[in-house]
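A.B. asks: Give me coordinates for this.
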Amino acid sequence: MSGQPTFFELGVADAGRARAFYSGLFGWQMDPGPSGNGSTIATGGIDGGLHGGDPEASPYLFFGVDDIDAAAARVLELGGSVDDAHPEGDADTIARFGRFRLCRDDQGSSFGLHQPPAA
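C.D. replies: Okay, here's the model as predicted:
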């Protein structure tokens, strides 16, 4: 599973407008997210999330890993960086969605790591 795209996140200024736009454009099913401020997105392919209050964000693509701590350490070893400013959430959120870490490669490009929840 390592390295396959497993999740995407859309950061937008206004979550309500984005829900209307993307569900209207693609027919995505959107349900309330765990924080109550965003949404989960069912695309029929890779699942995603949407959060508001992020006006300058680009879409985040998350790549699957079996051990997120080891993968984050490897990012650092290779000259990248790992954003520790965003907590992973509570145990229920982790059990439902897994663990996520935002990173940058050694040239500054953003990507994410995703350890899916235990089966």
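A.B. asks: Please make it C-alpha for all contacts and neighbour counts, starting now.
C.D. replies: Will do.
A.B. asks: Could you list the buried residues of the lowest-mean-pLDDT helix or strand in the chain?
C.D. replies: Taking mean pLDDT, DSSP states H and E as the measure, the chain has helix 91-97 as its least confident helix or strand, at a mean of 84. By neighbour count on 16 or more other C-alpha atoms under 10 Å, the buried set for helix 91-97 is 94, 97.
A.B. asks: Any chance you could give me that helix in PDB, C-alpha atoms only?
C.D. replies: Extracted in PDB, the C-alpha atoms of helix 91-97 (Å, rounded to 0.1, in the frame of the first residue of the first chain):
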ATOM      1  CA  ALA A  91      -9.100   8.700  19.300                       C
ATOM      2  CA  ASP A  92     -12.500   8.500  17.600                       C
ATOM      3  CA  THR A  93     -11.400  10.600  14.700                       C
ATOM      4  CA  ILE A  94      -8.200   8.500  14.300                       C
ATOM      5  CA  ALA A  95     -10.200   5.300  14.500                       C
ATOM      6  CA  ARG A  96     -12.600   6.500  11.800                       C
ATOM      7  CA  PHE A  97     -10.200   8.200   9.400                       C
END
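A.B. asks: distance of the residue lying farthest from the centre of the chain from residue 106?
C.D. replies: In the chain, residue 77 marks the outermost C-alpha relative to the chain mean, sitting 22.3 Å out by C-alpha atoms, centre = their mean. In this view, residue 77 and residue 106 are 10 Å apart by C-alpha to C-alpha, to the nearest Å.
A.B. asks: Please apply the same query to residue 61.
C.D. replies: Counting by C-alpha to C-alpha - residue 61 and residue 106 are separated by 17 Å.
A.B. asks: try residue 71
C.D. replies: Counting by C-alpha to C-alpha, the gap from residue 71 to residue 106 is 14 Å.
A.B. asks: So the two - more neighbours on which side?
C.D. replies: residue 71 (18 against 14; other C-alpha atoms under 10 Å).
A.B. asks: In space, what's closest to the more buried one - neighbours in sequence excluded?
C.D. replies: Using C-alpha to C-alpha, 6 or more residues apart in numbering and skipping the chain neighbours, the partner closest in space to residue 71 is residue 65 (6.9 Å).
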